[in-house]
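Q: Could you look at this predicted model? Sequence included:
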Amino acid sequence: MPRKAAQPSLSEQRAAPGGVGAVDRAISLLDVFTPDRPLLSLAELADESRQYKSTVLRLLASLTHSHLVVRHVDGRFSLGSTIPRLHAVYAASFSMENVIVPALRELVEATRESAAYHIRQGAKRLCMYGVDSPQTVCDHTQVGALLPLGKGAAGAVFTAFGNAPSTRGTRTVREPLVVAPTDLVREVAAIAAPVFEASGALAGVIALTMPAMRLQRSHGADVLRVAREVTAELGGRYPAQT
């Protein structure tokens, strides 16, 4: 009988409440593949997913049968032809607004402050979506506004993660960036965190803004959580914490 693994497998760590264990284990295998590592051996898959080789072999048999995984002549595995077909179906139904706006609403509900999503637009940043705080005194989001790329908390994220000229995105995402007060409006404070796309590049920035006197740094956890959720919806992956 094989010994129990020293640490939980990825599927155990990411198990869906009330879900099916075998499905969680299979998905954890698919999640091991990355653009940098498209071809993996059985040993690598078992090691990365922290599962026994015998279990991985059984899962690969089902995944190969469904063309979710393909085995190459050298014995290594890669994602199969079903993946691009599913991606095409997803892309046909995908709407950035349907992903971002509900996430911003969730953030506003959790913090009662204003939230916005910014993308780079040339040498500036564009406020693409925004949801205002329900409080009478608040920072009103200006959807469509073009703002300086390197100013404010959102600008600091663009600079730190390489989406501004002459910068390189080498930060590890341990916590969101906080600027209080911002260098745009001194009476306004902000908390911001990056959102990544599937390629690993910076997709945009989620920013929470409020009157400086109301800044609560504990809201950073909510900003980071929502940024991670949006990253996952975009098919991206957050950098590992170190």
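A: Arrived safely, thanks for sending.
Q: Can you point out the buried residues in stretch 215-233?
A: 215, 219-220, 222-231, 233 (16 or more other C-beta atoms under 10 Å). In short, each C-beta sits where N, CA and C put it, glycine included.
Q: Buried residues in the helix or strand containing residue 109, which are they?
A: Assigned by DSSP states H and E, residue 109 belongs to helix 96-111. Under the neighbour-count criterion of 16+ other C-beta under 10 Å, helix 96-111 has 96, 99, 100, 101, 103, 104, 106, 107, 108, 110, 111 buried.
Q: measure the fourth one to residue 40 for me?
A: In this structure, residue 101 lies at 37 Å from residue 40, with C-beta to C-beta, to the nearest Å as the measure.
Q: Domain ranges for the protein, per the record?
A: Here the domain parsing of the chain from automatic domain parsing is 10-89, 94-233.
Q: okay, and the helix or strand of the protein with the least pLDDT?
A: Of all helical and strand segments in the chain, the minimum by mean pLDDT, DSSP states H and E falls on helix 10-13, at a mean of 51.
Q: Help me confirm that residue 125 is found in a helix?
A: No - counting by DSSP: H, G, I helix; E, B strand; the rest coil, one finds residue 125 to be strand, located in no helix.
Q: Run a quick check on it versus residue 117, I expect a contact.
A: No - the criterion here is C-beta atoms under 8 Å, and residue 125 misses it with residue 117 at 10.3 Å.
Q: Which neighbours do these two have in common?
A: Common contact partners of residue 125 and residue 117 (C-beta atoms under 8 Å, 6 or more residues apart in numbering): residue 205.
Q: The two: who's more crowded?
A: residue 117 (30 against 27; other C-beta atoms under 10 Å).
Q: Quick check: the more buried one touching residue 205?
A: Yes - between residue 117 and residue 205 there is a contact at 7.2 Å, judged by C-beta under 8 Å.
Q: what is in contact with these two at once?
A: Joint contacts of residue 117 and residue 205 (C-beta under 8 Å, 6+ apart) are residue 195.
Q: how about the helices of the protein, start to end?
A: For the chain, applying DSSP state H gives helices covering 10-13, 21-30, 42-49, 53-65, 82-93, 96-111, 152-160, 219-233.
Q: what ranges of this structure fall below the confidence cut-off?
A: Within the chain, the segments meeting pLDDT under 70 span 1-19, 90-91, 93-94, 162-176, 180-185, 240-242.
Q: which residues touch residue 205?
A: 117, 118, 119, 125, 154, 157, 158, 192, 193, 194, 195.
Q: List just the nearest of those residues to residue 85.
A: The shortest approach to residue 85 among the contacts of residue 205 belongs to residue 195, at 26.1 Å (C-beta to C-beta).
Q: which of the residues in stretch 114-123 are buried?
A: 114, 115, 116, 117, 118, 119, 120.
Q: Please compute how far that stretch lies from its chain's middle.
A: 16 Å (C-alpha atoms, centre = their mean, to the nearest Å).
Q: again, but for stretch 213-224
A: 19 Å.
Q: about what we covered before: between the helices of the chain, which one is closest to residue 179.
A: Of all the helices of the chain, helix 152-160 comes closest under C-beta to C-beta, at 4.0 Å.
Q: elements contacting that closest one?
A: Packed against helix 152-160 by the contact rule (3 or more C-beta pairs under 8 Å, 6 or more residues apart in numbering; DSSP states H and E) you find strand 114-121, strand 124-131, strand 146-148, strand 177-179, strand 188-196, strand 202-211.
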